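1. Structure, please.
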Amino acid sequence: MTWINILINAIPFVMKLIELAEKAFDGVPESGPEKKQMVLTAFQAAFDTVIGSSTGGQKETWERLEPIISSLIDLACGFLFSKD
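-> I've put the predicted structure just below:
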């Protein structure tokens, strides 16, 4: 599975992780960075588990995915939780 396919399949999972982070930090003011770190850490753990049975290249794939997933989290949160 190429990193592009992984990314496309990850979008619904990331959205669910964002929802879980919102619940976990409900009522905690200014917790955006902690929520984002929770989502990134959970996604990376799932990624490592799923990809762990492959023949290698996980580190390189994660290095490509991490900044994209980070931007996806920012984009989704900006859309879902905009103050306007």
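2. from what I can see residue 17 touches residue 43, true?
-> Yes: at 6.1 Å, residue 17 counts as touching residue 43 under the criterion of C-beta atoms under 8 Å. Backbone N, C-alpha and C define where each C-beta goes, glycine included.
3. any idea of the pLDDT on residue 19?
-> pLDDT for residue 19: 92.
4. ok, now the one 5 residues further on?
-> The model reports residue 24 with a pLDDT of 92.
5. Nearest residue to it in space, please, no chain neighbours.
-> residue 38 (6.6 Å; C-beta to C-beta, 6 or more residues apart in numbering).
6. Same question for residue 14.
-> residue 72 is the one closest to residue 14 (C-beta to C-beta, 6+ apart), at 5.7 Å.
7. what's stretch 32-47 in contact with?
-> Stretch 32-47 has contacts (C-beta atoms under 8 Å, 6 or more residues apart in numbering) with 6, 10, 13-14, 17-18, 20-22, 24-25, 28, 58, 62, 65-66, 69-70, 73-74, 77.
8. So among the residues you listed, which ones count as buried?
-> Buried members of the contacts of stretch 32-47, counted by 16 or more other C-beta atoms under 10 Å: 6, 10, 14, 17-18, 21-22, 62, 65, 69, 73, 77.
9. if you look at those residues, which of them are in strands?
-> For the buried ones among the contacts of stretch 32-47, not one is inside strands, with DSSP state E as the criterion.
10. In helices, which of the residues you listed appear?
-> Members of the buried ones among the contacts of stretch 32-47 lying in helices (criterion: DSSP state H): 6, 10, 14, 17-18, 21-22, 62, 65, 69, 73, 77.
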